[in-house]
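J.: Sharing a model that was predicted from the sequence below.
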Amino acid sequence: MKMISRRMFLGGAGGAALALPWLESLLPKNAAAQGMTPPKRLIVVKSFSTQLIQEWYPRFSGNGYQLHDAVYSGSKADGTTLLTQALGTSGGYTQAPLADLQTPMGISGILGPSLNPYLSKLLLIRGLDFLPLVNHNYGGLLGNYGSCTAATPCDADSLADVPTIDQVLAYSPKFYESTPAVRSLHLSQGVTNAMSYSNLGNASGPVQQLQTRTNPLNAFNDCFQGFMPGGMSMPNRDRLIIDRVREDWLKLKASPRLSRDDKTKVDQYVTLVTELQARLSPTQALSCTPPVAPASLANNSGTDPTDIVTKWNLMLDIAAAAIMCDRTRIITLGVHKGLGPSPNAADPNLMGYYHSEDASGGTWHGLAHDWGNANARRQLKGVNAWVAEHVFAKLLQKLDVMEGGGRTYLDNSLVYWGNELGFNHIAYSVPCILAGSAGGALRTGRYLDYINWNNNAFFAQEMGNVILGIPHNRLLVTILQAMGLAPADYERGGVPGYGSTSTNGKAPNLWPVNYDLGAIGQPLPGIAV
Amino acid sequence: MRRLLPALLLAACEGTISDVKPPVDPNGPFPVIEPKCDVIPAPGVTPLAKLSTLQYRNTVRDLLGTSGLAALATELSTRLDAVPDDSDVSFRTLDNRVTDQHLTAWFEVARGIGDSIEATPARLTALAGSCAVAATLTPGCVNDFLNRFGRRALRRPLTATELTELSAFNDGVRRPAEAIRAMVIALLMSPRFVSHVEIDGAELGSARRLDLSPYELAARLSYTYWQTLPDDALLDAAADGSLATEAGYRAQVERVFADPRTKTTLWVFWREWLRLEKFTGFATTRPAFAALAAGERLDYTQMVDEVHALTDRYTFDAPGTFGDLVASDVSVTRSADLAKLYGTSVWNGAGEPPRFTNRKGLFQRAALLVDGLEQTNPFHRGAMTRRAFLCDSLPSPDPTTLPPGSLDPPPFNAMSTTRQRFEAKVAGNTLCQGCHGSFSDLGYVLEQFDALGRHRTKEKVFDEASGALLAELNLDTSAVAKVELGDLAVVSGPDDLTAKMISSGKPQRCFAKTFSTFALRREPVIGTGEHCSTLKLGARTLTMADVFRGLAYEPSFKERTVGEP
């Protein structure tokens, strides 16, 4: 990869900023302030198991809207709002302005009032289907469908791992013109395996799952250790030492007593050593205010509410600052922990929840299995509503401050909140809500429904149903292109689109499998500006 | 019982170590595949592996400690903590991922050490001798430093080439302290520091089968039993050739095993195998749980401490076999709260511990039974017993063939025991029973213990929302446990189950196999040397200490097989 220093980038794109000696130049507050096109960013929020159909989607009626129940019977009468405005020119897809569905309580039971200020910047999407047969998984929402957890293996595990799209971006020279401080920042509590898979930029290298930061101090140090706001870092004398280190790894690789796999592993090290060296190059930092370094808060498997809230607050502060200081442009947040209501409906206190492999009754995971129980549904809704307000909306609030050119950091970003599965552990119509327009690439403020409700309903449960939707792969394409990549930058082996379209293991009489793969390389219809 | 398993009902259906094929007929025997071990085969392929994060942190601390810089390790604790923790999905030592977080953290640790010695003459002197604070750095001073520090860091003497290349940092431009700093950073970022490099031994009839060199063997011993670098005694034994002799090797193995660090390492093994880190806490705010736990003071740490004391006792203090541990009825808890929960008395650590009257063995301790919620989950308990303690694999369910609602929990019914509700869940469905028939009964036997790990004769059923006691139901803890699948005899309860397990010899073999996985950082592959070792070490007459120590005496321990070129 061609390495371009931050300074070179500024010179090439901003021109005048470096006409003066750099120490004397007035440092820009941010990229937009100096006339550059602000960078785009991708932030992914993932919650686990599923969302309840009737709590996640609007159930608004009136003002010209009615529920599906008014038109359909059987499982299609699911109590959610029927959209009627055509979306695109074919496919039977529909849409509605989110503002039409707004109530003082938000647009749905989970997407509550804290999101009302951002409705014009949101895209709620229904009908995205994972084509491969998955179970609980790590990387499905970002394109690596064959990533089921060890505890819940699935047919899709037979698929070769591919980098998740955040990692395609992380190693794209179009996305990062030079080596960033942090290619991607991954945050979570409890579970340390990230939703992201990476080949570390080596197209022929092995794909491995990345790890999250669970201690806010480590996340802070990753982003801000040695950071000098508005300053130019000095040439680092350790770059030459790293030359010696790289030589050591290359010598090891030459040993005939390493296997092919060992040598591939050494290649990974060499790549990482090279990256490390690049980060030691002099760089021009943006002027911004980093957060104060937090205390060290160790990871744990507990559910103490104070611990959960404290860590999320710190992590969101760090995430927002890392974006604004351009320390990274990719962040993922694995929301394994949150707060929610007690089993006792009369108890106003919230308790901690941890979504782990354990699906015993009463756990977050167990509640998602217990959809037939009204009290479990109340709690599950409460947990996800807490995530909506205290993670997702709070993040939007932190990012929705002006960056320049009439756009906020949020506008220049794409924040994607998704789940690992659709309703009741079925990977049809997996939840998706986007925020921000990726610098104006997407037309926001809408609810998009990619289900043609006149199609056959195959299966019904949990007040939901399985009707042919649209491949989730097309959301991946939408995001990659919104971030500025062209198909040649991400397509693999000449295959259009991104991510597997295999439906192996799905019996056609039980599950919809007849997707229009001719358009698999295209973005979602009607989503772009 | 700790909750190893994930998805509620269909949990457990995944394979791990498999010399046993999944059952086709739930009433039929597992077809056991016994490898041929009459000719000792080569070990399985040992990939190039990074130090585990625990090993890395220990290595840095011990390297600094032996270099007179112990305090520096404390100062660098934040940087050491920044090395990503290995995944706990399996044994942490099996996680061989490396990312930019590793490289950055390793570099920050190395730089932190280098910066400190550069800035502090006393530390520079401690590390490299008083000659290092002179105006110029002599070649002799550099060589002495590299031969001493480099040998410890790389776990073998530096080669002439390495000496030359590292000495080049003493270029006359860098100040002496700066040159030493550069050498330290280069050494601590070397592949031979951050990973297990085993390429120096002699070939054993094939380019892919290697005898470990003495230094590599020293390192394998120390990282297996201590999770850290070899000490000077091990390195000296490698240097003087004694480690290559039978007597010399035995002396070192025994010395290493007797070192307190071995005890620490073995506790890591137990903790990870028994999933003692995975407990998510007691749901004390749930009314039903609060009702169940009324009158108890619950502290999971005390439960874990009891397991720690018990495993130490049978390994070191009163050596016994794994079967002895599985059957043990001694109570070693020092906690009054846990003793009350057990209905026994506190042991003060001296003399004979008190004995239980209503439970036996490791697997019936609270730390392994406790659930955190008010209800037990017999599927979890059964699957964990089948998979983790008997080392049987279980087939994966095919979600597409499951009837609707299969993944939903059994509906609540105040008039049904947990067992009855769970049995009803899979009743009449041959698909479900094909898998559940092989593990659920193990869990039903353990219904003798409630979700807190207390022995019970009745099951109390509470209202989830109010905590009101709704019913007290009779238990049935008899079941066809099929410890060995051909065995259709009824097990009458937990004690009977324990006896069956021990007499089968399966837990003993499972224990040996699991320790081998932990120690060698790979699952034994059927037909390899370590698998033969596992079978040998799984003999029911060996004490646990014999098993732990015995791994080092197995031929496969001293070899490495290189993967496909």
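T.: Arrived safely. This one's a predicted model, so the numbers in the text were calculated from it and none came from an experiment. Numbering: from 1, shown residues only, chains lettered A, B, ... in the order given.
J.: where do the helices sit along the stretch 1-150 of chain B?
T.: Applying DSSP state H, counting those that start in this stretch to the stretch 1-150 of chain B gives helices spanning B:53-66, B:70-75, B:77-81, B:100-119, B:121-128, B:139-145.
J.: actually the stretch 251-400 of chain B, sorry about that
T.: B:260-273, B:287-292, B:300-312, B:322-327, B:336-342, B:366-369, B:378-384.
J.: Deepest in the core, which of these is it.
T.: helix B:378-384 (a mean of 27; mean count of other Cβ atoms under 10 Å in any protein chain shown). (Glycine included, C-beta is placed from N, CA and C.)
J.: of all the helices of the stretch 1-150 of chain B, which lies closest to chain A?
T.: Nearest to chain A among the helices of the stretch 1-150 of chain B is helix B:100-119 (4.3 Å), distances taken as Cβ to the nearest Cβ.
J.: and that closest one, anywhere near chain A?
T.: Yes - against chain A, helix B:100-119 shows contacts by Cβ under 8 Å from any Cβ of the partner chain at B:D100, B:Q101, B:H102, B:L103, B:T104, B:F107, B:E108, B:R111.
J.: do you know how far the residue in the stretch 201-350 of chain A positioned nearest to chain B is from B:R560?
T.: At 3.0 Å from chain B, A:S259 is the closest residue in the stretch 201-350 of chain A, using Cβ to the nearest Cβ. Look at A:S259 and B:R560: by Cβ to Cβ, to the nearest Å, they are 11 Å apart.
J.: Also A:V309?
T.: 49 Å.
J.: So A:S259 and B:R560 - more neighbours on which side?
T.: B:R560 (25 against 18; other Cβ atoms under 10 Å in any protein chain shown).
J.: Using just helix, strand and coil, how would you label that one?
T.: strand (DSSP: H, G, I helix; E, B strand; the rest coil).
J.: Just list whatever residues bridge to it.
T.: B:L210 (DSSP bridges).
J.: What score does it have for pLDDT?
T.: In this model, B:R560 is scored at 96, pLDDT.
J.: List the buried residues of the lowest-mean-pLDDT helix or strand in chain B.
T.: The helix or strand of chain B with the poorest confidence is helix B:430-436; it has a mean of 81 (mean pLDDT, DSSP states H and E). Across helix B:430-436, burial judged by 16 or more other Cβ atoms under 10 Å in any protein chain shown covers B:C432, B:G434, B:C435, B:H436.
J.: and the following helix or strand past it, what other elements does it pack with?
T.: Downstream of helix B:430-436, the first helix or strand assigned by DSSP states H and E is helix B:440-445. For helix B:440-445, the packing partners by 3 or more Cβ pairs under 8 Å, 6 or more residues apart in numbering or on different chains; DSSP states H and E come out as helix B:378-384, helix B:418-426, helix B:494-504.
J.: Do any residues in the helix or strand following the longest one lie close to chain A?
T.: Just to be clear, that refers to helix B:494-504. Next along the chain after helix B:494-504, taking DSSP H and E as the criterion, comes helix B:506-520. No - legend: contact between helix B:506-520 and chain A by Cβ under 8 Å from any Cβ is lacking; minimum distance shown is 14.5 Å.
J.: where does the stretch 301-450 of chain B dip in pLDDT?
T.: Counting by pLDDT under 70, the stretch 301-450 of chain B shows low-confidence ranges at B:395-404.
J.: ignore the last one, the stretch 301-450 of chain A
T.: In the stretch 301-450 of chain A (pLDDT under 70), no residue qualifies.
J.: State the pLDDT value of the residue in the stretch 51-200 of chain A that chain B sits nearest to.
T.: Nearest residue of the stretch 51-200 of chain A to chain B: A:A151, at 2.9 Å (Cβ to the nearest Cβ). We have a pLDDT of 78 for A:A151.
J.: From B:D546, how far out is it?
T.: Applying Cβ to Cβ to A:A151 and B:D546 gives a distance of 34 Å.
J.: The two - which one has more neighbours?
T.: A:A151 (21 against 15).
J.: returning to that earlier point: quick one: closest of the helices of the stretch 251-400 of chain B to chain A.
T.: So among the helices of the stretch 251-400 of chain B, helix B:287-292 is nearest, using Cβ to the nearest Cβ, at 5.0 Å.
J.: Contacts only, for the nearest residue to A:L111 once chain neighbours are set aside.
T.: Spatial nearest neighbour of A:L111, excluding adjacent residues (Cβ to Cβ, 6 or more residues apart in numbering or on different chains): A:A388 at 5.7 Å. Applying Cβ atoms under 8 Å, 6 or more residues apart in numbering or on different chains to A:A388 gives the contacts A:I110, A:L111, A:G112, A:S114, A:L115.
J.: would you turn those residues into TSV with neighbour count and distance to A:L101?
T.: TSV is the format used below for these (neighbours: other Cβ atoms under 10 Å in any protein chain shown; distance: Cβ to Cβ, whole Å):
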residue	neighbour count	distance to A:L101
A:I110	27	14
A:L111	29	10
A:G112	19	13
A:S114	17	16
A:L115	24	11
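J.: farthest pair in those?
T.: A:I110 and A:S114 (10.8 Å; Cβ to Cβ).
J.: Let me know the helix or strand that A:Q54 is in.
T.: Going by DSSP H and E, A:Q54 is in helix A:53-56.
J.: and that helix with chain B, contact?
T.: No - applying Cβ under 8 Å from any Cβ, one finds helix A:53-56 out of contact with chain B, separated by at least 15.4 Å.
J.: Check which element follows that helix along the chain.
T.: By DSSP H and E, the next helix or strand past helix A:53-56 is strand A:66-67.
J.: quick one, what contacts A:G338?
T.: A:S47, A:I308, A:W312, A:G352, A:Y353, A:W364, A:V383, A:N384, A:W386, A:V387, A:H390, A:V391.
J.: Could you list the low-confidence segments of the chain?
T.: The chain I'm using is chain A. A:1-35.
J.: hm, I was asking about chain B
T.: In chain B, residues with pLDDT under 70: B:1-38, B:395-404.
J.: and the residue sitting furthest away from the middle of it, how far is that from chain A?
T.: In chain B, the greatest distance from the average C-alpha position (Cα atoms, centre = their mean) is reached by B:A135, at 50.1 Å. Using Cβ to the nearest Cβ, to the nearest Å, B:A135 is found at 20 Å from chain A.
J.: List the residues that contact that residue.
T.: B:P176.
J.: rewinding a little: is it possible to export the helices of the stretch 1-150 of chain B to a markdown table including distance to B:H455 and mean neighbour count?
T.: Output for the helices of the stretch 1-150 of chain B, formatted as a markdown table (distance: least, Cβ to Cβ, whole Å; neighbours: other Cβ atoms under 10 Å in any protein chain shown):
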| stretch | distance to B:H455 | mean neighbour count |
| --- | --- | --- |
| helix B:53-66 | 36 | 21 |
| helix B:70-75 | 45 | 14 |
| helix B:77-81 | 41 | 18 |
| helix B:100-119 | 46 | 21 |
| helix B:121-128 | 57 | 18 |
| helix B:139-145 | 63 | 17 |
